[in-house]
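Participant: missing the sequence, but the structure's below:
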């Protein structure tokens, strides 16, 4: 358990690992809330309460919490995963150029190539 908490709190935010950890936390919390049955508490959006009392602060809190994590799961988590993939690809290419130099990169077709000298007649 300590190892999991260490990974959660020590992963830097703007790294591929940090972005994936945050997306996983959002997904796990949402799935726990969903399994616990908090989806029915979103009826407070339309003014109804699952307990019958429209002023029930517990139902309102649970409904808002589920709604926030639902939108985070649907909107934020995929963006974090895509950002981690792109950021990891940029880091890989940058690391490759730093370790092997620019000659490791294949020449771009539009870059000027030295012309071959024409044989003289």
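Facilitator: In hand now; what should we look at? Values in this document were obtained by computation on a predicted structure and should not be read as measured data.
Participant: buried set for stretch 30-39?
Facilitator: Neighbour-count burial for stretch 30-39, counted by 16 or more other C-beta atoms under 10 Å, picks out 30, 33, 38, 39. C-beta: built from backbone N, CA, C; applies to glycine.
Participant: pretty sure the first one contacts residue 73?
Facilitator: In other words, residue 30. Yes - using C-beta atoms under 8 Å, residue 30 is in contact with residue 73, at 4.0 Å.
Participant: show me the helices in the chain, by range?
Facilitator: With DSSP state H as the criterion, the chain has helices at 2-10, 16-35, 57-71, 77-100.
Participant: want to throw those into TSV with distance to residue 48 and mean pLDDT?
Facilitator: Shown next, in TSV, are these (distance: least, C-beta to C-beta, whole Å; pLDDT from 0 to 100):
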stretch	distance to residue 48	mean pLDDT
helix 2-10	36	65
helix 16-35	19	92
helix 57-71	10	88
helix 77-100	28	82
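Participant: I'd like those helices written out as CSV, with distance to residue 44 added.
Facilitator: Below are the helices of the chain laid out as CSV (distance: least, C-beta to C-beta, whole Å):
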stretch, distance to residue 44
helix 2-10, 30
helix 16-35, 15
helix 57-71, 4
helix 77-100, 24
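Participant: for those, which one sits closest to residue 45?
Facilitator: Nearest of these to residue 45, taken as C-beta to C-beta: helix 57-71 at 7.1 Å.
Participant: packing partners of that closest one?
Facilitator: Applying 3 or more C-beta pairs under 8 Å, 6 or more residues apart in numbering; DSSP states H and E, one finds that helix 57-71 contacts helix 16-35.
Participant: for the helix it packs on, packing partners?
Facilitator: Going by 3+ C-beta pairs under 8 Å, 6+ apart, helix 16-35 lies up against helix 2-10, helix 57-71, helix 77-100.
Participant: and the second one, which residues are buried?
Facilitator: This points to helix 57-71. Across helix 57-71, burial judged by 16+ other C-beta under 10 Å covers 59, 62, 63, 66, 67, 69, 70.
Participant: hey, what's the angle from that helix to helix 16-35? Just curious.
Facilitator: 140 degrees (axes from the mean of the first three to the mean of the last three C-alpha atoms, to 10 degrees).
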